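Participant: Provided below for reference: sequence and predicted model.
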Amino acid sequence: MSDESPSVLLNRWWDQGLRLVHVVTWDETLLLREAEALAERRAVPLWVWSAVTGLRRPDDAIGAQLSRDVETFLERALSAPAGIVVAMDLPLESLSPLARRALRDIATRKAPVLLVASSPPGYDLPDSLSQYSVSLALGGPWSPQMAHWRHGADVSLRHQAERRAVQVPGLELVEPAVDWGGVGGLHKLKAWVERRALALNPDLHLPFPRGVLLYGVPGTGKSLSVQALARSWDRPLLRLNWGGLFGRYVGQSEAQLRAALTAAEGLAPAILWIDEIDKGVGTGDSVEDAGVSQRMLGYLLTWMHEHSSPVLVACTANSLDGLPAELWRPGRFDALFFVDLPDANAREDILQIHLAAENVPDRTAFHGLGARLVNFSGADIQALVIEAEFFAAQQGRPLTPALLEEVAAEFIPWARMLPEEVERRRNWAQGRLSPA
C-alpha cells in the first residue's frame, strides 16, 4: 500500500464520481492545505464555510452574510457549477430535512465536491447518505494537541482524550472488563506480561515489546488476557476491527488502516488488539476484492516490523489456517503462546471466579469440584455456573455443589464435542509455541 497524500486519494475518489466526503480531523490547517492541493490539481476554485464566516474563499476575511445559515449555504453550494467546498463543523446531529436533501443532491451530482469537516468526537453523516459518501480520518488529535490531555494528571480527562483520538473507522477504544484476578491459570503468560511491563519504566531504557500472539482452544481466556494485560499496564486498549476498515472506494480501505495505525501510535504506549486475527486478516480473498486484502495485510506486516512507537500488538487466534507465514517472522512478535484447556488447579480458580461473579454464598463448599470438570474450558465453566443458577432458581433453592455436579453431568463442553480439534491445535503448537 502506498502512502498517498490525502489530496491524491481525494483526487482518485473525484475520478470515481464521489462528491461527498466526511473528514474527521482536529487539524483544520492540514485539511485546508490538502483541499488547496486538490483544487490546484483539478484547476477549480476552493470555498470554505463556517457558521461564523459564512461561505468564502480561503483568502477572504468574511463571506456572504446570508450563507451563514446551513440551509442557505447548502443551496448555494448546490448551485455552484464546479469547485471544492469545505464545510467546517456542519451540525450533522441536527440537520433539517431540507439540508439532508441538499446533501444528497450534492452527493449524487458531478459538482461541487463537498468536504464536511468534524472535530472528534463528532457525529456521522446521516445513514441515508452512507451509500453516497465516504469517511476520511485526516491527521490526528494525538499530536501535538493531545499531549496535554494524554499525560495530564486527571485520569478522566485522559480517558476523554483517548476516546476522541479513536474516531477512526475500524478502531475501537475498549474498557477492559477484567484484571488478572478474573483470569484463572495462565501463569507463564502472566509472568511474561509482568516482566515486560518493566519497559514502561523510562529509567530502565528497555525496548518496548512489539507483539504477543495467543493461540489455542476456544473459550480459554485469550481475549480476557489481553484485557487484563491492558488493565495491569494502565494503558489504552484499542481493538482493530479488520472488517470495519473496508470501504467502497478505491484506496479507502488502505487509508483507513493507515489512519487506525497512526491513531494507535498517537496514543502510545498502548495495546493494539487484533481479536481472532484468523477471522479477519487470514480470510481476505485477494481475487474477490481486487487485491485490497493482500495490500492491507502487507502494509500491516510492514508496520508491525518497522514501527518505532511503543505499541504492543496483541493478537488472539483460534485457528492459524490461512494466516501467512510472514506473520511469524522475527521482529513482529516477542512471544507466541499456546493457550490450552485449563488444568485442575486452573479450573478450581476459574470456578471460584464465576461463583463469585454470580454472588454464590459459601463458595468454600465447592472446593475440589473444579478439578473434576475435565475438558471444561473457562467459557464452559462460566456457562455451567449460569445454567446451574437457573436450575437453582427454578427449584427455589440456593446453588449447591451437588446441583452443580448434577448439571455438569449433562453439560457437553466444546472439547468433548470436537476432541480432534483440540488435539490438532496441541499437535501444531508442540515445539512451536510456548505454553501459557
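Facilitator: Looks like it came in fine. Given the structure is predicted, the values throughout are model-derived calculations rather than measurements.

Participant: pretty sure residue 376 sits in a strand.
Facilitator: No - using DSSP: H, G, I helix; E, B strand; the rest coil, the secondary structure at residue 376 is coil, not a strand.

Participant: setting aside sequence neighbours, what's the nearest residue to it?
Facilitator: residue 413 (4.8 Å; Cβ to Cβ, 6 or more residues apart in numbering). (Glycine included, C-beta is placed from N, CA and C.)

Participant: the one you found: what's it in contact with?
Facilitator: Residue 413 makes contact with 373, 375, 376, 377, 380 under the criterion Cβ atoms under 8 Å, 6 or more residues apart in numbering.

Participant: repeat that with 7 Å
Facilitator: By Cβ atoms under 7 Å, 6 or more residues apart in numbering, residue 413 lies in contact with 375, 376, 377, 380.

Participant: give me the number of residues near the nearest residue to residue 382 once chain neighbours are set aside?
Facilitator: In space, and not counting its chain neighbours, residue 382 is closest to residue 354: 4.9 Å by Cβ to Cβ, 6+ apart. Using other Cβ atoms under 10 Å, residue 354 is surrounded by 20 other residues.

Participant: now swap in the one 4 residues further on and tell me
Facilitator: Summarising burial for residue 358: neighbours were counted as other Cβ under 10 Å, giving 14.

Participant: quick one: it and residue 387 touch, right?
Facilitator: No - assessed by Cβ atoms under 7 Å, residue 358 is found out of contact with residue 387, at 11.0 Å.

Participant: shared neighbours, these two?
Facilitator: By Cβ under 7 Å, 6+ apart, no residue touches both residue 358 and residue 387.

Participant: returning to what we had before: give me the element the residue nearest to residue 382 is part of.
Facilitator: Under the criterion DSSP states H and E, the helix or strand holding residue 354 is helix 344-357.

Participant: helices or strands next to that helix in the packing?
Facilitator: Helix 344-357 sits against helix 378-395, with contacts defined as 3 or more Cβ pairs under 7 Å, 6 or more residues apart in numbering; DSSP states H and E.

Participant: adding pLDDT, distance to residue 308 and neighbour count, write the contacts of residue 413 out as CSV.
Facilitator: Output for the contacts of residue 413, formatted as CSV (pLDDT from 0 to 100; distance: Cβ to Cβ, whole Å; neighbours: other Cβ atoms under 10 Å):
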residue, pLDDT, distance to residue 308, neighbour count
375, 96, 44, 17
376, 97, 43, 25
377, 97, 38, 25
380, 97, 42, 25
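
Participant: quick one: which of these is nearest residue 113?
Facilitator: Distance ranking of the contacts of residue 413 against residue 113, using Cβ to Cβ, places residue 377 first at 52.9 Å.

Participant: tell me who's in contact with the closest one.
Facilitator: 217, 219, 220, 341, 342, 413, 414, 415.

Participant: in those residues, find the pair that's most separated.
Facilitator: Going by Cβ to Cβ, the pair spanning the contacts of residue 377 furthest: 342 and 414, at 12.7 Å.

Participant: more neighbours: those two, which one.
Facilitator: Applying other Cβ under 10 Å to residue 342 and residue 414 shows that residue 342 carries more neighbours, namely 27 against 20.

Participant: ok, for that one, nearest residue in space, not its chain neighbours?
Facilitator: Nearest in space to residue 342, with sequence neighbours left out and distances taken as Cβ to Cβ, 6+ apart, is residue 185 at 4.7 Å.

Participant: how about the strands in the stretch 301-436 of the chain?
Facilitator: Counting by DSSP state E, counting those that start in this stretch, the segments of the stretch 301-436 of the chain that form strands are 311-317, 335-339, 434-435.

Participant: determine which of those approaches residue 113 most closely.
Facilitator: When the strands of the stretch 301-436 of the chain are compared by Cβ to Cβ, strand 311-317 sits nearest residue 113, at 34.3 Å.

Participant: so where's the protein shaky on pLDDT?
Facilitator: Scanning the chain for pLDDT under 70 picks out 1-4, 61-66, 81, 110-111, 119-124, 139-167, 250, 282-290.

Participant: tell me the buried residues in stretch 12-32?
Facilitator: If you call a residue buried by 16 or more other Cβ atoms under 10 Å, then stretch 12-32 has these buried ones: 13-14, 18-28, 31-32.

Participant: so of the residues you listed, which ones are in strands?
Facilitator: 20, 21, 22, 23, 24 (DSSP state E).

Participant: who's the first one bridged to?
Facilitator: According to DSSP bridges, the partner residues bridging residue 20 are residue 114, residue 133.

Participant: isn't it right next to residue 114, touching?
Facilitator: Yes - contact criterion Cβ under 7 Å: residue 20 and residue 114 qualify, at 5.4 Å.

Participant: between these two, which contacts overlap?
Facilitator: Common contact partners of residue 20 and residue 114 (Cβ under 7 Å, 6+ apart): residue 106.

Participant: and the gap between residue 417 and residue 402?
Facilitator: 25 Å (Cβ to Cβ, to the nearest Å).

Participant: same question but for residue 379, I mixed them up
Facilitator: Noted for residue 379: a distance of 23 Å to residue 402, by Cβ to Cβ.

Participant: and these two? which has more neighbours close in?
Facilitator: Per other Cβ under 10 Å, whichever of residue 379 and residue 402 has more neighbours is residue 379, with 17 against 10.

Participant: pull the contacting residues for that one.
Facilitator: Contact analysis of residue 379 by Cβ under 7 Å, 6+ apart lists residue 219.

Participant: give me the neighbour count for the closest residue to residue 227 other than its chain neighbours.
Facilitator: If the residues on either side of it in the chain are set aside, residue 227 comes closest to residue 176, at 3.8 Å by Cβ to Cβ, 6+ apart. Neighbour count for residue 176, taken as other Cβ under 10 Å: 20.

Participant: if I look at the residue nearest to residue 376, how far off is residue 32?
Facilitator: 59 Å.

Participant: got the domain ranges for the protein?
Facilitator: Following automatic domain parsing, one finds the domains of the chain at 6-137, 161-339, 344-417.

Participant: tell me which of the ones you listed lies nearest to residue 424.
Facilitator: Closest among the domains of the chain, using Cβ to Cβ: domain 161-339, at 9.4 Å.

Participant: which of the contacts of residue 413 sits closest to residue 336?
Facilitator: residue 377 (20.2 Å).

Participant: any idea how far residue 383 is from that closest one?
Facilitator: As judged by Cβ to Cβ, residue 377 and residue 383 stand 9 Å apart.

Participant: likewise for residue 228?
Facilitator: 20 Å.

Participant: which of those two has more residues huddled nearby?
Facilitator: Using other Cβ under 10 Å as the criterion, residue 228 and residue 383 rank with residue 228 on top: 23 against 17.
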